[in-house]
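Chemist: predicted model and sequence follow; I will ask about them next.
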Amino acid sequence: MTYETITVEHRDAVTLITLNRPKALNALNSEVLEELISAFAAYEADAGQRCAVLTGSGDKAFAAGADIKEMADKPAADFYNEDFFSRWTSHLVKTTRKPWIAAVNGFALGGGCELAMMADFIIASENAKFGQPEVKLGVAPGMGGSQRLTRAVGKAKAMEMCLTGRMMGAEEAERSGLVARVVPHDTLLDETLKTATAIAAMPPMATVANKEMVNAAFETTLDQGLVMERRIFQILTATEDKAEGMAAFIEKREGQWKGR
Ligand code: HXC
């Protein structure tokens, strides 16, 4: 499949998706959304692909936000009737059970920050800058910024960022729990692909189950989450990969996974 606004490459079992509108700092327009939905669906459907990485082209931006030029003249009724932005969460988050990582190489603002936060985790270059500057445009986050940022960094920082539009640098983002790791700018893609390759080599069912469990922590009470965790753990003990994983440990060799 050829795309206009993104590129998709396979690096063994890792799918690398790159936002490719560098002149517009990878701003997210409707075409980008449709192409990302298609690329994520293809990733999800391909059993040979075990982890995905999403990054931005160019040196400056992961994505500088939803495309302001596309939104500027759009009537409010269209935003409402299309339930504008809902398809980002429904397609990229809810229907993607396999893991994916955002490699944030520069500006991640507005929808760009929100898109990065949809990933299972973020690895940031030391040049990364995160922000929710929508207030300056007379609007507010629309793709999860007020909710996911608050869960990630807490009320004080999320509120300050949403009310002032100030950007958070990579070091502060790591300190605040927004990103898993900060790496030197030039090594971002290599480091993220290395991490993705390590995830791709894990037993597939256990990988999806681990992702599901961690995400459940945001949706359930502690008791419900703990019950769900135990049940999934118990189910995994019935898999061939559990038998293989434990045998491989005892026999001091690498496991060979079947994904069942
Ligand atoms: C459309 C954008 C864009 C965006 C940048 N560009 N951000 N186009 N939508 N979100 C375009 C610029 O218009 C410009 O195009 C080119 O990219 C380079 O940007 P510059 O501004 O010249 O670069 P620079 O001076 O380095 O400043 C970088 C920047 C600034 C600080 C990131 O571009 C900026 O503030 N961008 C907007 C960030 C923002 O507000 N994001 C939130 C969007 S709203 P030309 O053609 O002039 O070269 C959102 C959710 C909205 O995401 C929810 C509402 C319902």
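Modeler: Arrived safely.

Chemist: is it true that His185 touches Ala103?
Modeler: No: using C-beta atoms under 8 Å, His185 makes no contact with Ala103, being 11.0 Å away. Bear in mind the C-beta positions are built from the backbone N, C-alpha and C, glycine included.

Chemist: more neighbours: these two, which one.
Modeler: Ala103 (27 against 16; other C-beta atoms under 10 Å).

Chemist: checking the more buried one next. Helix, strand or coil?
Modeler: For Ala103, the reduced secondary structure class is strand; criterion used: DSSP: H, G, I helix; E, B strand; the rest coil.

Chemist: my guess is it meets Lys194, correct?
Modeler: No: Ala103 is not in contact with Lys194 according to C-beta under 8 Å; the separation is 11.1 Å.

Chemist: isn't Lys60 right up against Ala24?
Modeler: No: contact criterion C-beta under 8 Å: Lys60 and Ala24 do not qualify, at 10.9 Å.

Chemist: please say which of the two ends up with more neighbours.
Modeler: Per other C-beta under 10 Å, whichever of Lys60 and Ala24 has more neighbours is Ala24, with 18 against 15.

Chemist: give me phi/psi at that one?
Modeler: For Ala24, the backbone dihedrals (degrees, to the nearest 10) come out as phi -100, psi 20.

Chemist: which residue is the nearest non-sequential neighbour of it?
Modeler: Taking C-beta to C-beta, 6 or more residues apart in numbering as the measure, Ala24 lies nearest to Asp67, with 7.0 Å between them; neighbours along the chain are not counted.

Chemist: helix, strand or coil for the closest residue to Thr164 other than its chain neighbours?
Modeler: Spatial nearest neighbour of Thr164, excluding adjacent residues (C-beta to C-beta, 6+ apart): Val135 at 7.7 Å. Here Val135 takes the helix state, with states given by three-state DSSP.

Chemist: mind listing what Val135 touches?
Modeler: Val135 makes contacts with 162-165, as judged by C-beta atoms under 8 Å, 6 or more residues apart in numbering.

Chemist: shared neighbours of His185 and Ala103, anything?
Modeler: Contact criterion C-beta under 8 Å, 6+ apart; residues shared by His185 and Ala103: Ser125.

Chemist: residues touching the closest residue to the ligand within the stretch 101-250 of the chain, list them.
Modeler: Evaluated by C-beta to the nearest ligand atom, the stretch 101-250 of the chain has Gly110 as its residue closest to the ligand, separated by 2.4 Å. Taking C-beta under 8 Å, 6+ apart as the criterion, Gly110 is in contact with 64-66, 131-134, 141, 145.

Chemist: returning to that earlier point: tally of neighbours for the residue nearest to Ala24?
Modeler: Residues lying near Asp67 (other C-beta under 10 Å) number 20.

Chemist: one step back: need the residues touching each of Ala103 and Lys194.
Modeler: Taking C-beta under 8 Å, 6+ apart as the criterion, Ala103 and Lys194 do not both touch any residue.

Chemist: now, which of the contacts of Val135 sits nearest Val153?
Modeler: Minimum distance to Val153 across those is 11.0 Å, recorded for Cys162 (C-beta to C-beta).

Chemist: look at that closest one and give its secondary structure.
Modeler: Taken by three-state DSSP, the conformation at Cys162 corresponds to helix.

Chemist: I'd guessed it sits against Pro133; true?
Modeler: No: assessed by C-beta under 8 Å, Cys162 is found out of contact with Pro133, at 9.0 Å.

Chemist: secondary structure class for Ala238?
Modeler: Classified using three-state DSSP, Ala238 is coil.

Chemist: ok, it - how many residues close by?
Modeler: Burial of Ala238, expressed as a neighbour count using other C-beta under 10 Å, amounts to 9.

Chemist: what does the stretch 1-150 of the chain have sitting close to the ligand?
Modeler: For the stretch 1-150 of the chain, the residues in contact with the ligand under the definition C-beta under 6 Å from any ligand atom are 24-25, 27, 64-69, 107, 109-111, 133-134, 137, 139, 142.
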